[in-house]
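Undergrad: test case, fold it:
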Amino acid sequence: MAAPRRAWLVFGFSTEEAVGQPGPGLGPRRLEPGPGEIRRVWPAWSYVVVETGAGLEVRSAGRRRRLRGWCEALPSETHLVLRGAAAARAWRRGAGLRAPAWSRALPRGPPWHPLPLLPGGFATPRPPFYTALPAGLRARRLALGNEHVLVLGANGELHAWGGGRHGQLGHGTLESEAQPRLVEALAGVPMRAVAAGGWHSASVSEAGDLYMWGWNESGQLALPCKALAEERAQGEDAGAGAAALTPCREQPAAEAATFISIQALPALLDLPQEPEVSEVSCGSRHTAAVTRGGELYTWGWGKYGQLGHGDDASSDLPRRVEHLVAEGLWAEAVVCGPWTTYVCVQEPPGPQRPPSTTSPCGEDPAAAGTSPGPTHPSAPQDRTHTDSGPQELNSEPEAGLQLHEG
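TA: As a prediction, the model looks like this:
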């Protein structure tokens, strides 16, 4: 039997809209493959880095550039961090790849953990670019929010620190934390996946249960949202009809106590028909989850069609993306950008085909759950540069790419 074909679809804000050009509309868009299938994606707001059979490639409005010699990316609107076999480096967008703003030599050997994790700490796509982790914290996954950090430990425990004013740390308060602190509400429940949005957080347990916490301003926690209920009420008063309005629960807007703006402790979320979740990703104010049955659910802010329902409505209810069902597509992986949702699909999935454990859409999920050993307690020192500073380290991947496409 022939191997299933895979493709990446994207919903939401486009790179064309980021430079003031007309967007492609609210429907799904297929990422054009490079040489071979697209394996992974790392979206920023105005551009995306993809991994193809030929390596990394940065794509912005109408332009593509290869990033030869690098294997992982961590993009932002101000800087791009790349990781290779011997070093991790950051460049300011628009400055090219000849003079890095920061570089760090890496020990030889396989990179057991994906970015943002690095030996001994983690990278961020903005200064100071590298932060050490406590030596006793054996991290296997790390997620960056706008103001907070989540770490999934070797035994499935979860630590959170950083800004907490929207409850995104899950400690039951709105206080910030300067150092990693165990999320006690999830102690004893081993986690297999973790995600951080702008100001909200999510995790998936080994049993496939999904937990959400933090800010619910746009329904991104799939909890009752007052703002969306008020939008619905205003639309009904104007006679617009329920079908064209933001879907919300049937609850009177006056009952303020039924609405949740901040959830400071992890809340268990039951998806429709209670399917088990395999992974979750968070955008700035929306969330997407893939089930073990190959379905994609989304909720939260939807202004640019990032929820994948063919409209610009926001939702505080998880909704299955029916486009995938109608096309016979099996969802394998999902990655949210700030205002976008990228989903890797099998086409066709075949009857009751389980998700591939060696999918080119991402890293081996089994390896992700059993990654050997802790991060290295010590590593070479960083080198922080100005754009006209010292030369890069030797064994340099290809230089000269202009990251800013203006």
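Undergrad: in this protein, which spans are helices?
TA: 15-18, 226-237, 322-326, 365-369 (DSSP state H).
Undergrad: so which of those helices comes closest to Pro100?
TA: helix 15-18 (24.1 Å; Cβ to Cβ). From N, CA and C alone the C-beta is placed, and that goes for glycine too.
Undergrad: what is the neighbour count of Leu106?
TA: 18 (other Cβ atoms under 10 Å).
Undergrad: distance of it from Glu175?
TA: 35 Å (Cβ to Cβ, to the nearest Å).
Undergrad: quick one: contacts for His200?
TA: With contact taken as Cβ atoms under 8 Å, 6 or more residues apart in numbering, His200 is in contact with 145, 166, 168, 212-216, 220-221, 282, 285, 287.
Undergrad: out of the helices of the chain, which comes closest to Gly36?
TA: helix 365-369 (20.8 Å).
Undergrad: show the average pLDDT along the closest one.
TA: The average pLDDT for helix 365-369 rounds to 34.
Undergrad: kindly report the same for stretch 198-212.
TA: 98.
Undergrad: low-confidence stretches in the stretch 51-200 of the chain?
TA: 111 (pLDDT under 70).
Undergrad: got a list of what Gln157 touches?
TA: Actually, residue 157 is Glu rather than Gln. So Glu157 contacts Leu182, Val183, Leu186, Ala187, Pro190, Met191 (Cβ under 8 Å, 6+ apart).
Undergrad: just checking, the second one touches Pro266?
TA: Yep, that's Val183 we're talking about. Yes. Using Cβ atoms under 8 Å, Val183 is in contact with Pro266, at 6.8 Å.
Undergrad: spit out the residues that contact those two alike.
TA: Common neighbours of Val183 and Pro266 (Cβ under 8 Å, 6+ apart) are Gly170.
Undergrad: so Ala193 bridges to which residues?
TA: Assessed by DSSP bridges, Ala193 has beta-bridge partners Val204.
Undergrad: now do it: how many residues are near it, please.
TA: Around Ala193 there are 24 other residues, counting by other Cβ under 10 Å.
Undergrad: my guess is it contacts Val204, does it?
TA: Yes. Applying Cβ under 8 Å, one finds Ala193 in contact with Val204, separated by 4.1 Å.
Undergrad: intersection of neighbour lists for those two?
TA: By Cβ under 8 Å, 6+ apart, the residues touching both Ala193 and Val204 are Ser278, Glu279, Val280.
Undergrad: from Leu133, how far out is the last one?
TA: Counting by Cβ to Cβ, the separation of Val280 from Leu133 is 23 Å.
Undergrad: and the second one, by the same measure?
TA: According to Cβ to Cβ, Glu279 and Leu133 sit 23 Å apart.
Undergrad: ditto for Gly163
TA: 18 Å.
Undergrad: same check, this time on Thr298
TA: Thr298 is 32 Å from Leu133, by Cβ to Cβ.
Undergrad: for Tyr342, same thing?
TA: 28 Å.
Undergrad: which of these two has more neighbours?
TA: Between Tyr342 and Leu133, Tyr342 has the larger neighbour count (other Cβ under 10 Å), namely 27 against 23.
Undergrad: contact partners for the more buried one?
TA: Neighbours of Tyr342 in contact, by Cβ under 8 Å, 6+ apart: Trp8, Leu9, Val10, Leu31, Val41, Pro43, Val48, Val334, Val335, Cys336.
Undergrad: I figured the fifth one hits Pro33, correct?
TA: In other words, Val41. No. With contact defined as Cβ under 8 Å, Val41 does not count as touching Pro33 (11.8 Å).
Undergrad: which of the two has more neighbours?
TA: Taking other Cβ under 10 Å, Val41 and Pro33 do not tie; Val41 has more neighbours (23 against 16).
Undergrad: show the contacting residues for the more buried one.
TA: Counting by Cβ under 8 Å, 6+ apart, Val41 has contacts Trp8, Leu31, Val48, Val49, Val50, Glu51, Val335, Tyr342.
Undergrad: change it to 7 Å
TA: By Cβ atoms under 7 Å, 6 or more residues apart in numbering, the contact list for Val41 reads Trp8, Val48, Val50, Val335, Tyr342.
Undergrad: still on that earlier bit, which of the helices of the chain sits closest to Thr78?
TA: Of the helices of the chain, nearest to Thr78 by Cβ to Cβ is helix 15-18, at 14.2 Å.
Undergrad: show me where the stretch 201-350 of the chain dips below the pLDDT cut-off.
TA: 236-257, 349-350.
Undergrad: could you check how far Gly84 is from Trp91?
TA: 13 Å.
Undergrad: for Glu295, grab the count of nearby residues.
TA: Around Glu295 there are 21 residues (other Cβ under 10 Å).
Undergrad: how about it: what's its closest non-neighbour residue?
TA: Leaving aside its sequence neighbours, Glu295 sits nearest to Arg320 (Cβ to Cβ, 6 or more residues apart in numbering; 5.6 Å).
Undergrad: isn't that neighbour right up against Gly294?
TA: No. Contact between Arg320 and Gly294 fails when scored by Cβ atoms under 7 Å: they sit 11.1 Å apart.
Undergrad: more neighbours: those two, which one.
TA: Gly294 (21 against 18).
Undergrad: that one reaches Ala331, doesn't it?
TA: Yes. The pair Gly294 / Ala331 is scored as a contact, 5.2 Å apart, by Cβ under 7 Å.
Undergrad: mind checking how far Ala86 is from Tyr130?
TA: 16 Å.
Undergrad: which one's more surrounded, those two?
TA: Taking neighbours as other Cβ under 10 Å, Ala86 and Tyr130 compare with Tyr130 leading, 22 against 15.
Undergrad: hang on, that one packs against Arg104?
TA: Yes. Tyr130 is within contact range of Arg104, at 5.9 Å (criterion: Cβ under 7 Å).
Undergrad: which of the contacts of Tyr342 has the weakest pLDDT?
TA: Leu31 (94).
Undergrad: nearest spatial neighbour of that residue, skipping sequence neighbours?
TA: In space, and not counting its chain neighbours, Leu31 is closest to Trp8: 4.2 Å by Cβ to Cβ, 6+ apart.
Undergrad: that neighbour and Ile38, how far apart?
TA: To Ile38, Trp8 is 5 Å away according to Cβ to Cβ.
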